[in-house]
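Participant: how would this look folded up:
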Amino acid sequence: MNHLRAATSGGEASPPEELAPLLQQCALGDERAFAQVYDLVSPRIFGLVKRIIRDPAQSEEVTQEAFLEIWRQAARFDPARGSALAWIMTIAHRRAVDRVRSAEATHTRDIEYGHRHHAVEYDSTSEVVQSRLDAQRVRKAMAGLTETQRQAIELAYFKGCTHTEVATMLGVPLGTAKSRVRDGLIRLRDTIGGER
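Facilitator: The predicted model follows:
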């Protein structure tokens, strides 16, 4: 591609009218015709790609990709639909835009991955202290409950019993067991909430 950089430093001459016939010869596998196409349009293609991508190294890569596509797709060129130069420049422009979009998508994906998989640093000591303080508050609040409320809460929340099981174990009707649990929770909420 050093030839390409050297070619872009000179003035840009208009490609001759023979560009379309050269593309038709490329479609038949004529490598000399392709070399002529390259010599005629490489400065323009590289200039267009570099204006879109800005990075010289990537611009060279995309220019090479564009020429490869021109070689492979030469049979698709139809002079009735437009000029050979316009067809070639469209291929180069599309390649450059695709590279920019691909780079942006990769960058966005990398950022999203980093956010999803970034381990959040935290102080485990403060977490342990907070947990102990919460446990102390709960114990203190539990001490402020009536005996019947404390028994119902301990069975329902510390031993995982259902309301029916709490009623059976305490020997009270189901409605009474539910009331004791509810009243105990309300009192706990009021006590713990008032301490914060």
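Participant: can you give me the end-to-end span of stretch 77-92?
Facilitator: Start and end residues of stretch 77-92 are separated by 14 Å (C-alpha to C-alpha, to the nearest Å).
Participant: list the buried residues for that stretch?
Facilitator: For stretch 77-92, burial by neighbour count (16 or more other C-beta atoms under 10 Å) applies to F77, A84, L85, W87, I88, M89, I91, A92. Where C-beta positions appear, they are placed from N, C-alpha and C, glycine not excepted.
Participant: list the contacts of the host helix or strand of T168.
Facilitator: For T168, the host element (DSSP states H and E) is helix 163-170. The contact list for helix 163-170, computed with C-beta atoms under 8 Å, 6 or more residues apart in numbering, reads 148, 151-152, 155-156, 161, 173-174, 176-178, 180-181.
Participant: now go through the buried residues of stretch 77-92 and say which are in helices.
Facilitator: Counting by DSSP state H, the buried residues of stretch 77-92 place A84, L85, W87, I88, M89, I91, A92 in helices.
Participant: wait, the fourth one sits on Y38?
Facilitator: This means I88. No - here I88 does not reach Y38: they are 10.3 Å apart, not a contact under C-beta atoms under 8 Å.
Participant: so who does Q36 touch?
Facilitator: For Q36, the contacting residues are L22, by C-beta under 8 Å, 6+ apart.
Participant: next secondary structure after the helix or strand where it lies?
Facilitator: Element membership of Q36 [criterion: DSSP H and E] is helix 31-53. Per DSSP H and E, the first helix or strand lying C-terminal to helix 31-53 is helix 56-73.
Participant: so who does K50 touch?
Facilitator: Contacts of K50 were listed using C-beta under 8 Å, 6+ apart, and they are P56, S59.
Participant: pull the helix or strand with minimum mean pLDDT from the chain.
Facilitator: Lowest mean confidence among the helices and strands of the chain (mean pLDDT, DSSP states H and E): helix 2-9, at a mean of 44.
Participant: do I have it right that V49 meets Q64?
Facilitator: No - V49 lies out of contact with Q64 (C-beta under 8 Å); the separation is 9.9 Å.
Participant: the two: which is more packed in?
Facilitator: V49 (27 against 17; other C-beta atoms under 10 Å).
Participant: which segments of this protein make up each domain?
Facilitator: Domain ranges of the chain: 2-117, 124-195, per automatic domain parsing.
Participant: rank those by pLDDT, which is bottom?
Facilitator: Sorting those by mean pLDDT places domain 124-195 lowest, at a mean of 82.
Participant: residues near I52, how many?
Facilitator: For I52, the neighbour count with other C-beta under 10 Å is 15.
Participant: number the chain from 780, please
Facilitator: Fine by me, first position is 780 from now on; the one you just mentioned is I831.
Participant: now for it: which residues touch it?
Facilitator: Shown in contact with I831 (C-beta under 8 Å, 6+ apart): H872, A875, V876, V879.
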